[in-house]
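J.: got a structure for you, letters missing:
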């Protein structure tokens, strides 16, 4: 498959200012995203996710390294032709209406349609904005502005979607609708690069995910690889007045989850029963959340392995086959 996004040893250094210290936001990121792949980018706040996305979209320049979109240098404006981008906090022309904004997007990307208005209205309606299509954006809530930005990114018939926290500010219904739209775009062969703090969304949507921490890409894996690596692990969800041990995580009031190795599973189930608890679910495999914390903990302790960039380069082009 052809590489849609290619980053080679990308670094970003910020000089010291009166308000900030000098620091290296990205420390040699190398990554390839293939055509038709959905890639989830995860990491703590300040890890370098948004910096990477801004470099990919040409908003910021790397201090060193090479960044290409569809084989073109990202500094070439033509590389961003029909690339739909939604930042975490969209800054829209709030004196425009959604209909005007989408029409402008079609014009900028050179998309020619027989009925432009109908095309824009279809996307606005799909994102629950049809009734405010001709209302100025400055009156919108954060969630409505987010959906407007998504409609703008999707209406240009994108070859690539680059989304920074695309579900931020959306209510549960809006989140479900956007997830369905992204799944539909993926099924049609679209390529998606998105960051998210919601690890469950990454597990559901991504063909691969990358974990970045303190400017370093620590791991690249697919959900299948994650499942294979954790084949002897089980996730136990139970209800109880209190957690049965310190390793249990609280999901909501009186409901907890615990990941455990297979040999220890019978003992844990016995403890839950003895404490008057009720078993909700037992399923094989660890969650992305546990891997997330494990990798970061190993990095902070200088015990975890760094990314093998050669291996990543060899496997990154395989997309869904991983």
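T.: Thanks, I have it. Every value quoted in this text rests on a predicted model; they were computed, and no experiment measured them.
J.: okay, buried residues for stretch 267-283 please.
T.: Using 16 or more other Cβ atoms under 10 Å as the test for burial, stretch 267-283 gives 268-269, 272, 277. Quick note: C-beta positions are derived from backbone N, CA and C, even for glycine.
J.: which of the residues you listed lies closest to residue 213?
T.: residue 268 (30.0 Å; Cβ to Cβ).
J.: residues contacting the closest one?
T.: Residue 268 makes contacts with 236, 244, 258, 260, as judged by Cβ atoms under 8 Å, 6 or more residues apart in numbering.
J.: which pair of the residues you listed spans the longest distance?
T.: Between any two of the contacts of residue 268, the greatest separation by Cβ to Cβ is 11.0 Å, found for 244 and 260.
J.: residue 169: neighbour count?
T.: Neighbourhood size, residue 169 [other Cβ atoms under 10 Å]: 18.
J.: residue 81 too?
T.: Residue 81 has 18 nearby residues by other Cβ under 10 Å.
J.: pretty sure it sits against residue 110.
T.: Yes - with contact defined as Cβ atoms under 8 Å, residue 81 reaches residue 110; the gap is 7.2 Å.
J.: and the contacts of residue 268 as a markdown table, adding distance to residue 178?
T.: A markdown table is the format used below for the contacts of residue 268 (distance: Cβ to Cβ, whole Å):
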| residue | distance to residue 178 |
| --- | --- |
| 236 | 31 |
| 244 | 37 |
| 258 | 31 |
| 260 | 34 |
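J.: point out the ones among those residues that are inside helices.
T.: Per DSSP state H, helices hold no members of the contacts of residue 268.
J.: domains in this structure, by residue range?
T.: 3-219, 231-285 (automatic domain parsing).
J.: what about the protein, any weak spots by pLDDT?
T.: Counting by pLDDT under 70, the chain has low-confidence residues at 1, 223-224, 226-231, 285-322.
J.: which residue ranges of it form strands?
T.: Using DSSP state E, the strands of the chain run over residues 3-14, 23-34, 38-42, 64-69, 72-73, 83-86, 160-164, 191-195, 208-213, 216-221, 233-239, 249-252, 255-261, 278-284.
J.: what would the ones you listed look like in CSV with distance to residue 51?
T.: Below are those laid out as CSV (distance: least, Cβ to Cβ, whole Å):
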stretch, distance to residue 51
strand 3-14, 5
strand 23-34, 5
strand 38-42, 11
strand 64-69, 12
strand 72-73, 18
strand 83-86, 15
strand 160-164, 10
strand 191-195, 11
strand 208-213, 9
strand 216-221, 12
strand 233-239, 33
strand 249-252, 30
strand 255-261, 31
strand 278-284, 36
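J.: so which of those strands gets nearest residue 104?
T.: Nearest to residue 104 among these is strand 83-86 (13.8 Å), distances taken as Cβ to Cβ.
J.: for the closest one, packing partners?
T.: Using 3 or more Cβ pairs under 8 Å, 6 or more residues apart in numbering; DSSP states H and E as the contact test, the elements touching strand 83-86 are helix 142-155, strand 160-164.
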